[in-house]
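[1] Below are the sequence and a predicted model; questions follow.
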Amino acid sequence: MRKNLVAGNWKMNLTYPEGLALVGEIVNAASSAATGANAPEIVICPPFPLLHGVGQALPQGGKFHLGAQNCHQKESGAFTGEVSPKMLASVGCEYVILGHSERRQYLREDDDLLGQKLKAALAAGLKPIFCVGEPLDTRESDETFNFIGKQLADGLFHLSNEEFDQVTIAYEPIWAIGTGRTATSAQAQEVHAFIRERIARAYDGKVALDTTILYGGSANAQNARELFSQPDVDGGLIGGAALKAADFATIIQSF
């Protein structure tokens, strides 16, 4: 079911003590913000070594949820350095980010691999946050919709209706991640509406209306309210601003 959601992606930041301190600050700052009919679900996605401790520090049974930044496509095996979806679920993860542009770019993750990861995550009971988005040269050549349409078709649309119902999509224009550049609210809405239309075409209108779609390109405390006011933007996948408790709480209050 469609819902407002804010996910904080800590990326490769913070030691264990630093992470515990930050999550305590976030809970204190954001608890009062996470009320009301439009209050979002809040997902905290720390690095793997911090997952258990951060999960223990989150209030149970409320708006706060634990998420991972990635998973392997296999349940177990000789894959040194990897972490399976089953392992993530065992430490309390409910969500997992898949297909983030940094993993697509630096680790060459393609849509075939991501499709396998999606299936594995869903089989373990995790809710994927599946990322799509275009690089700058694609946007400048007016190929954004073709590019994202292919990512959706190849990476997601093999799922059944029941599986797809567990997926949140995050649109992250690659040219606006860590660059200080942000898509305008109109640009974000245009792509989010396109994604929703493609979902309706692949499944049906109700599935499209029920799908949560997040914006993930340098959203921050200053621009979140305008971005989240767009009719097809249901929240944000937050990077740098998620490492500052006050900023993250302001973003949560931006609905």
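    Cool, the structure landed.
[2] Enumerate every residue touching Asn38.
    Residues near Asn38 by Cβ atoms under 8 Å, 6 or more residues apart in numbering: 4, 255. The way it works is simple: take the backbone N, C-alpha and C, and place the C-beta from them, glycine included.
[3] quick one: the helices in the stretch 1-150 of the chain?
    In order along the chain, the stretch 1-150 of the chain carries the following helices (DSSP state H, counting those that start in this stretch): 16-30, 51-57, 85-90, 101-106, 111-123, 136-140, 144-155.
[4] between these, which gets nearest to Gly205?
    Proximity of the helices of the stretch 1-150 of the chain to Gly205 was assessed by Cβ to Cβ; the nearest stretch is helix 144-155, lying at 16.1 Å.
[5] sorry, back to before: adding distance to Ala39 and mean pLDDT, write the helices of the stretch 1-150 of the chain out as a markdown table.
    Output for those, formatted as a markdown table (distance: least, Cβ to Cβ, whole Å; pLDDT from 0 to 100):
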| stretch | distance to Ala39 | mean pLDDT |
| --- | --- | --- |
| helix 16-30 | 10 | 96 |
| helix 51-57 | 20 | 98 |
| helix 85-90 | 25 | 98 |
| helix 101-106 | 28 | 93 |
| helix 111-123 | 26 | 96 |
| helix 136-140 | 33 | 90 |
| helix 144-155 | 28 | 96 |
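[6] Just tell me which of the ones you listed ends up closest to Ile169.
    helix 144-155 (8.0 Å).
[7] quick one, the closest one and helix 111-123 angle?
    The directions of helix 144-155 and helix 111-123 differ by 60 degrees, with axes from the mean of the first three to the mean of the last three Cα atoms, to 10 degrees as the criterion.
[8] roughly how far is the helix or strand following helix 144-155 from the heart of the chain?
    Downstream of helix 144-155, the first helix or strand assigned by DSSP states H and E is helix 161-164. Between the mean C-alpha point of helix 161-164 and the mean C-alpha point of its chain there is a distance of 18 Å (Cα atoms, centre = their mean, to the nearest Å).
[9] Output helix 161-164 as CSV, restricted to C-alpha atoms.
    C-alpha atoms of helix 161-164 as CSV (Å, rounded to 0.1, in the frame of the first residue of the first chain):
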residue,chain,number,x,y,z
ASN,A,161,1.8,-8.6,-8.4
GLU,A,162,2.3,-10.0,-4.9
GLU,A,163,6.0,-9.5,-5.0
PHE,A,164,5.9,-6.1,-6.6
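[10] Pretty sure Arg201 sits in a helix.
    Yes: secondary structure assignment (DSSP: H, G, I helix; E, B strand; the rest coil) places Arg201 inside a helix.
[11] list the contacts for Asp112?
    Asp154.
[12] residues of stretch 9-23 that come out buried?
    9-11, 13-14, 19-20, 22-23 (16 or more other Cβ atoms under 10 Å).
[13] a markdown table for those residues, including distance to Val191?
    Written out in a markdown table, the entries for these read as follows (distance: Cβ to Cβ, whole Å):
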| residue | distance to Val191 |
| --- | --- |
| Asn9 | 19 |
| Trp10 | 25 |
| Lys11 | 23 |
| Asn13 | 27 |
| Leu14 | 31 |
| Gly19 | 32 |
| Leu20 | 36 |
| Leu22 | 31 |
| Val23 | 31 |
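[14] sorry, back to before: could the helices of the stretch 1-150 of the chain be laid out in JSON lines, adding distance to Trp175?
    Formatted as JSON lines, the entries for the helices of the stretch 1-150 of the chain read as follows, by distance: least, Cβ to Cβ, whole Å:
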{"stretch": "helix 16-30", "distance to Trp175": "28"}
{"stretch": "helix 51-57", "distance to Trp175": "30"}
{"stretch": "helix 85-90", "distance to Trp175": "30"}
{"stretch": "helix 101-106", "distance to Trp175": "10"}
{"stretch": "helix 111-123", "distance to Trp175": "20"}
{"stretch": "helix 136-140", "distance to Trp175": "4"}
{"stretch": "helix 144-155", "distance to Trp175": "10"}
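[15] Right, I'll leave it there.
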